[in-house]
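Novice: Give the three-dimensional model of this entry:
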Amino acid sequence: MTIQQDIFGGSETSLAAYGKYETFSYSDALEQADMATSHVSAFTATYTILNHIPNTASGFSATVFKSSDGQLTVAI
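Specialist: Sure thing, here's the model as predicted:
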C-alpha cells in the first residue's frame with residue numbers, strides 16, 4: 001500500500017467516524033456525515049463497523065472499522 005492510499009484510507013474512516021450509527025443505517029449514517037452518495041457504496045463494500053461508541057457526555061466518540069483485507073482502523 002502506498003502512502004497516498006494510507007492517507008486516503010485514513011481520511012475516509014475519519015469522515016465515516018462522524019456517522020450517527022445509533023440513529024441511521026450504515027449507508028444513511030455515512031451520507032448524513034456528508035460522504036458523497038457515489039462514495040458510500042464503495043466504502044461499505046470495503047469497511048465494516050466492528051464497534052462504535054457515540055458521543056459521550058464529555059464529547060468522546062470512537063469507531064473501529066475493519067477493511068476487507070483485515071486491517072483495523074480506530075477513528076476517534
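
Novice: got the CA positions of the helix of greatest length in the chain in CSV?
Specialist: For the chain, the helix that runs over the most residues, judged by DSSP state H, is helix 3-16. Written as CSV, here are the backbone C-alpha positions of helix 3-16 (Å, rounded to 0.1, in the frame of the first residue of the first chain):
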residue,chain,number,x,y,z
ILE,A,3,1.5,6.4,1.5
GLN,A,4,-1.2,8.1,-0.6
GLN,A,5,-3.5,5.0,-0.2
ASP,A,6,-2.8,5.1,3.6
ILE,A,7,-3.7,8.8,3.8
PHE,A,8,-6.8,8.3,1.7
GLY,A,9,-8.0,5.4,3.8
GLY,A,10,-7.4,7.4,7.0
SER,A,11,-9.4,10.4,5.6
GLU,A,12,-12.2,8.1,4.6
THR,A,13,-12.5,6.5,8.0
SER,A,14,-12.1,9.8,9.7
LEU,A,15,-15.1,11.2,7.8
ALA,A,16,-17.1,8.0,8.4
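
Novice: So what touches it?
Specialist: Leu30, Ala33, Asp34, Met35, Phe43, Tyr47, Thr63, Phe65, Ser67, Thr73, Ala75 (C-beta atoms under 8 Å, 6 or more residues apart in numbering). (C-beta placed from N, C-alpha, C; glycine too.)

Novice: Now with 7 Å, please.
Specialist: Contacts with helix 3-16, where a contact means C-beta atoms under 7 Å, 6 or more residues apart in numbering, come from Leu30, Ala33, Met35, Phe43, Tyr47, Thr63, Phe65, Thr73, Ala75.
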